[in-house]
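A.B. asks: heads up, no residue letters with this:
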């Protein structure tokens, strides 16, 4: 069977090609066999998925998202996206998800759609979009599927107009040009202070698994119990969970130093956590491409041991400082400014790729101990809510950071997903045990 079903372009055609956004330029340069720069968002339905109806839903929805119907091309000076004809086939899910995309293989789409029992999952190359944009795509796809298959509270047929809005798009509507926007360029403040290089951060010792092996551990947590624990300490859920992550890494570093009998005079490394922030919360845009930024939360272990209740206020205040709108605009500006350099614009692409990869190798992952991405509370229209059981979010493998954490909540349950390329489960165990010790029940599922 052909991997494509030919489908004509929508009448509202857009340019055959467009530039990568400011954040996207990083990912093709650091893309390797070991680093996929992929992420996955899944919807678990109340009833088993019918693949033929999911395929039909995808063919209906994709023309509404022309920014995703593309493949990656390499020009003389920059990568760019070009229109990819047809529609990808939906695939049975695999045990080790988020394999690297193969850009040169046709049709070359930068996303995949999988199904397994009651699960619909989409995987995206990060150059194409961030999780907030892809969530809109997945919700629209799920709605189009339910319009065909029906489900609890949903009769097959045309959905009422009330289900559509900014977070769930009508497939029959005309794409809005602002959905293609590189919002970084609009909101960059180019006169902010220069950034500085963070020192090397702690990375826990681990045994790498063979390439293309990705372990997934899912922890299901009741949001009300989590919210109670966070409010008790006057922090948000994301701040509370970031503190749990930092506390777990600090404890792992302490144990490693004890086991290895590290000389006390040898300074322990700081624990630094990257927390992505959806910039749409601060700067209005309809962009479905990348528009997120990282806030760093750092604790210097050389200053001594920290109790959990001492870590919490530090995380709280450092995250609040990082979320100042003017500071964010200045930080965006520092990333955008090099693009406007004539010398850089005229540098051949292969030299740009070498330079970006080397800079990332030196000051990217080495300066971070881990990443924790919270997609937040996912909402579906009341007409469709009962047909979806939960949403899940997971990050693809990294080169130096072998375990990442991502989460999403729906209808009172937070799904915390650990994606790991190492044999050990110390981080997952320590993180979830910390929640249990705080009176928060956790249900665990895994592909191990």
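C.D. replies: Nice, I can see it. From a predicted model like this one, the values you see are computed outputs, not experimental measurements.

A.B. asks: give me the three-state assignment for the residue nearest to residue 315 when sequence neighbours are not counted.
C.D. replies: Excluding its sequence neighbours, the residue lying closest to residue 315 (Cβ to Cβ, 6 or more residues apart in numbering) is residue 243, at 4.5 Å. Backbone N, C-alpha and C define where each C-beta goes, glycine included. Following DSSP: H, G, I helix; E, B strand; the rest coil, residue 243 is assigned to helix.

A.B. asks: please apply the same query to residue 219.
C.D. replies: Residue 219 is classified as strand under three-state DSSP.

A.B. asks: so who does the residue lying closest to it once chain neighbours are set aside touch?
C.D. replies: Once flanking residues are discounted, residue 219 sits nearest to residue 416: 4.3 Å by Cβ to Cβ, 6+ apart. The neighbourhood of residue 416, defined by Cβ atoms under 8 Å, 6 or more residues apart in numbering, consists of 218-221, 241, 405-407, 431-432.

A.B. asks: just the buried residues out of those residues, in PyMOL syntax.
C.D. replies: For anyone working in PyMOL, the buried entries among those, judged by 16 or more other Cβ atoms under 10 Å, can be selected with:
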select buried, resi 218+219+221+241+405+406+407+431+432
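
A.B. asks: kindly indicate which of the contacts of residue 416 lies nearest residue 293.
C.D. replies: Ranking the contacts of residue 416 by separation from residue 293, with Cβ to Cβ as the measure, puts residue 406 on top at 16.3 Å.

A.B. asks: what pairs with that closest one across the strands?
C.D. replies: On the basis of DSSP bridges, residue 406 is bridged to residue 373, residue 417.

A.B. asks: residue 277 too?
C.D. replies: Under the criterion used here (DSSP bridges), residue 277 is bridged to residue 293.

A.B. asks: contacting residues around it?
C.D. replies: Counting by Cβ under 8 Å, 6+ apart, residue 277 has contacts 292-295, 322-323, 328.

A.B. asks: likewise residue 135?
C.D. replies: Contacts of residue 135 by Cβ under 8 Å, 6+ apart are 41, 167, 375, 378, 391.

A.B. asks: identify the farthest-apart pair in those.
C.D. replies: So for those, where distance means Cβ to Cβ, the most widely separated pair is 41 and 167, at 13.1 Å.

A.B. asks: quick one: the strands in the stretch 201-350 of the chain?
C.D. replies: For the stretch 201-350 of the chain, applying DSSP state E, counting those that start in this stretch gives strands covering 215-222, 271-278, 292-299.

A.B. asks: most packed of these?
C.D. replies: By mean neighbour count, with neighbours taken as mean count of other Cβ atoms under 10 Å, strand 271-278 ranks first of these at a mean of 22.

A.B. asks: what mean pLDDT does it have?
C.D. replies: Mean pLDDT, computed over strand 271-278, is 94.

A.B. asks: OK, contacts around residue 247?
C.D. replies: Contacts of residue 247 by Cβ under 8 Å, 6+ apart are 306, 308, 311, 434.

A.B. asks: list just the nearest of those residues to residue 24.
C.D. replies: Checking the contacts of residue 247 one by one against residue 24 (Cβ to Cβ), the nearest turns out to be residue 311, at 33.7 Å.

A.B. asks: number of residues surrounding that closest one?
C.D. replies: Residue 311 has 20 neighbours, counted by other Cβ atoms under 10 Å.

A.B. asks: show me what contacts it?
C.D. replies: 243, 246-247, 250, 299.

A.B. asks: quick check: closest non-adjacent residue to it.
C.D. replies: In space, residue 311 is closest to residue 243, 4.8 Å off (Cβ to Cβ, 6+ apart).

A.B. asks: can you get me a residue count around the one you found?
C.D. replies: For residue 243, using other Cβ under 10 Å, the count is 28.

A.B. asks: any chance you could map the helices in this structure?
C.D. replies: All helices of the chain, identified by DSSP state H, fall at 26-30, 51-61, 131-149, 183-187, 223-232, 237-259, 308-322, 325-336, 342-345, 349-363, 426-437.

A.B. asks: how near is the residue positioned nearest the centre of the chain to residue 393?
C.D. replies: By Cα atoms, centre = their mean, the chain has its centre lying nearest to residue 131, at 4.7 Å. For residue 131, the distance to residue 393 equals 6 Å [Cβ to Cβ, to the nearest Å].

A.B. asks: which neighbours do these two share?
C.D. replies: Joint contacts of residue 131 and residue 393 (Cβ under 8 Å, 6+ apart) are 39, 41, 373, 375, 406.
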